[in-house]
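> What follows is a predicted structure for the sequence shown.
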Amino acid sequence: MPQKRTVYLDYSASTPTDPRIVEAMMPYFTEVFGNASSAHAFGRKAENAIETARETVAKIFNCKSKEIIFTSGGSESDNLALRGAAWASKQKNGANHLITTPIEHSAVSKTMAQLAEVMDFDLTILPVDEAGLISLKNLEAAITEQTSVVSIIYANNEVGTVNPMPEIGKTTKKHNILFHTDAVQAAGQLSLDVEELGVDMMSISGHKFYGPKGVGVLFVREGVELIPSQSGGSHEHGIRAGTHNTPFIVGLAKALELAYEERDERLAHVTKLRDMLVDGITARIPQAHLTGHPEQRLPSHASFVFDDMDANKLLIHMDMRGVAASSASACKTGNPEPSGTLLALGYKREDAFGGLRLTVSHHTSEEDIAYAIDVIVESAETVYKLQKTLAK
């Protein structure tokens, strides 16, 4: 093995805040500190910063600035969109049918499940194919006269597959149904043009594209009715109560602006590194198989399933050698659970413990990737040997 180095390959979980973003945020902690809802000069300065940020985001989304709602992150945006739209539709015309997929982020899947289990909504969970894509035919067949909201993830966080958003949008529009997408993983890499995508609501989170944690956006198309799930003041057009987090809102907008200004250069770099990971790991580890769609996937995202392996053990050995990544299965207090996404893609339960996600950045170097591949190969060999020894 080469000399140990530290390589972070978990950018889908979180990214470091770009120093340029930190610099843009700093005045709003100490100098422009007023409450944006206040009428005096201090408040007006903060309000101006927020509205400028709103216009920046709206330009990237290709929407009206009043259609941008600032939240605390992707999870809140998902919750607000789904509960708010479902409640409003049910109150307005009694529509109580929702549609989603089995590969959503838990902020969507658990919210949908709660609406069904606690609030008496009917829920259809569309199947996905072995790559994680939905079928437009299945979507069409699932729609009823009572369907009010469809929520389908833009790019899956575990396997990186990108769904055919414009086609989905055309289907929902034809039936006059609201279409929400969790675009948290897509933000900074894929188009966020809401007209192109055909979405009525869309969620993103700042810390996925080198902005601060704890701030997000929900796009809500003009005319879409939401019942607020957080009551209080009249902030964010009365949809989301709470004093504005001015520094973080400024930071999110700046981070998003930089991401799209520099997108072509960033994507060329991460795509090359992603392909290096895929080629290197599948060539050197026969038990490793690429998961998700081989082409229709996030540029920064490589994911694998390892035959007969608990990937959490692999992660421990990788971490000891300085390589940080994530597993698709959840390990809680010694009680590991297989990845629900991999199960939905058709993998057996024992294989669904073997998922590994590696995600790169424009900060990642080719030397980092070469080192990481060596570490993953050595770590996999170690785990397989240990498992074989324990099995005797």
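Thanks, I have it.

> For the rest of this, base every contact and every neighbour count on C-alpha atoms.
Will do.

> where along the stretch 201-350 of the chain do the strands fall?
Using DSSP state E, counting those that start in this stretch, the strands found in the stretch 201-350 of the chain span residues 201-205, 216-220, 288-290, 301-306, 323-324, 326-327, 330-332, 335-337.

> ok, residue 37 to residue 53 distance?
As defined by CA to CA, to the nearest Å, residue 37 lies at a distance of 16 Å from residue 53.

> Tell me which of the strands of the stretch 201-350 of the chain sits most buried.
Ranked by mean neighbour count, these are led by strand 201-205 with a mean of 29 (mean count of other CA atoms under 10 Å).

> quick one, it and strand 216-220 angle?
Angle, strand 201-205 to strand 216-220, by axes from the mean of the first three to the mean of the last three CA atoms, to 10 degrees: 170 degrees.

> And the helices in the chain?
Using DSSP state H, the helices of the chain run over residues 19-25, 27-30, 41-61, 74-93, 106-117, 136-142, 165-174, 194-197, 246-261, 263-284, 311-320, 340-344, 366-391.

> chain center to the last one: distance?
On the basis of CA atoms, centre = their mean, to the nearest Å, helix 366-391 is displaced by 28 Å from the centre of the chain it belongs to.

> Show me what it packs onto, helices and strands only.
Counting contacts by 3 or more CA pairs under 8 Å, 6 or more residues apart in numbering; DSSP states H and E, helix 366-391 is packed against helix 263-284, helix 311-320.

> which residues sit in contact with residue 81?
Shown in contact with residue 81 (CA atoms under 8 Å, 6 or more residues apart in numbering): 180, 201, 218, 220, 226.

> Would you agree the fourth one is in contact with residue 68?
In other words, residue 220. Yes: Residue 220 sits in contact with residue 68 when judged by CA atoms under 8 Å, with a separation of 6.5 Å.

> Mind listing the shared neighbours of these two?
Contact with both residue 220 and residue 68 is made by no residue, according to CA under 8 Å, 6+ apart.

> Could you list the low-pLDDT ranges of the stretch 1-150 of the chain?
1-3 (pLDDT under 70).

> ok so, going back, please name whichever of the helices of the chain is nearest to residue 232.
helix 74-93 (14.3 Å; CA to CA).

> For that closest one, buried residues please.
Buried residues in helix 74-93, counted by 16 or more other CA atoms under 10 Å: 74-90.

> repeat for stretch 274-284
Applying 16+ other CA under 10 Å to stretch 274-284 flags 274, 276-278, 280-281 as buried.

> and if you look at stretch 365-379?
For stretch 365-379, burial by neighbour count (16+ other CA under 10 Å) applies to 368-369, 371-379.

> Ok, stretch 52-61 next?
Neighbour counts over stretch 52-61 (16+ other CA under 10 Å) mark 52-58, 60-61 as buried.

> Same question for stretch 43-51.
Within stretch 43-51, the residues that count as buried by 16+ other CA under 10 Å are 43-47, 49-51.

> Any chance you could list what contacts that stretch?
Here stretch 43-51 makes contact (CA under 8 Å, 6+ apart) with 28, 32-38, 246, 249-250.
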